[in-house]
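# Dropping the sequence and predicted coords here.
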Amino acid sequence: MPKIVLFSFSGFLAFIIDYLLFTIFCLLIAGGKWYLINRLISLTAGVLVTYCFNSLITFRENFLKRNNLKDELFNLKRFIKYLISQSLGFFTNFMIFLLMTNFYKIKPNISIIIATLIASLINFRAAKFVLVRNK
């Protein structure tokens, strides 16, 4: 299966987690007044989902081979590189969300969708660079 399809699927899973957590937090915490903090938390959860999925499936040479599964997820050096590579997308996603909600007064739930679509283009290139194994 093409890596872009797998990457898109991981992004979709992360978006679902991000969107659900954001919505739940907004409903539970101060009626949504703390939506920027809620967004940071939900966006971070989404990044963790993509790291796990992309490490184990998308950018793994043979994702059916399961030896050293623990090493795949708990490789601190690789995780830090991934976070650094995704920081531009994370920052872009959050800043677009911030501009849309505060400047253009677009509802937060709509802003998440647009910001995520734009940032996903940046994230694919960065994730591929970090997670692809050298042959």
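Done, it's in. Residues are numbered from 1 along each chain as shown.
# How about residues contacting the helix or strand containing T44?
T44 belongs to helix 35-53 when assigned by DSSP states H and E. With CB atoms under 8 Å, 6 or more residues apart in numbering as the contact definition, helix 35-53 has outside contacts at 6, 9-11, 13-15, 17-22, 25-26, 29, 32, 73, 79, 82-83, 86, 90, 93-94, 97-98, 101, 108, 112, 123, 127. The C-beta positions use only the backbone N, C-alpha and C, and glycine is treated the same way.
# Show only the entries of these found in helices.
6, 9-11, 13-15, 17-22, 25-26, 73, 79, 82-83, 86, 90, 93-94, 97-98, 108, 112, 123, 127 (DSSP state H).
# measure F25 to R60 for me?
Separation of F25 from R60 (CB to CB, to the nearest Å): 32 Å.
# Oh, that last question was meant for C52, not what I typed.
C52 is 11 Å from R60, where distance means CB to CB.
# Then L28?
Counting by CB to CB - L28 and R60 are separated by 36 Å.
# who's more crowded, those two?
R60 (17 against 10; other CB atoms under 10 Å).
# pLDDT at the more buried one, what is it?
Looking at R60, its pLDDT reads 72.
# cool, F63 as well?
52.
# And stretch 85-97, how far out from the chain middle?
Averaging C-alpha positions (CA atoms, centre = their mean, to the nearest Å) puts stretch 85-97 9 Å from its chain's average.
# for the record, mean pLDDT for that stretch?
Mean per-residue pLDDT for stretch 85-97: 91.
# For that stretch, buried residues please.
Judged by neighbour count (16 or more other CB atoms under 10 Å), stretch 85-97 contains these buried residues: 85-86, 89-90, 92-94, 96-97.
# go on, stretch 13-21?
14-15, 17-19, 21.
# again, but for stretch 26-38
Residues 26, 35, 38 are the ones in stretch 26-38 that count as buried (16+ other CB under 10 Å).
# for those, which one is nearest M1?
N38 (33.7 Å; CB to CB).
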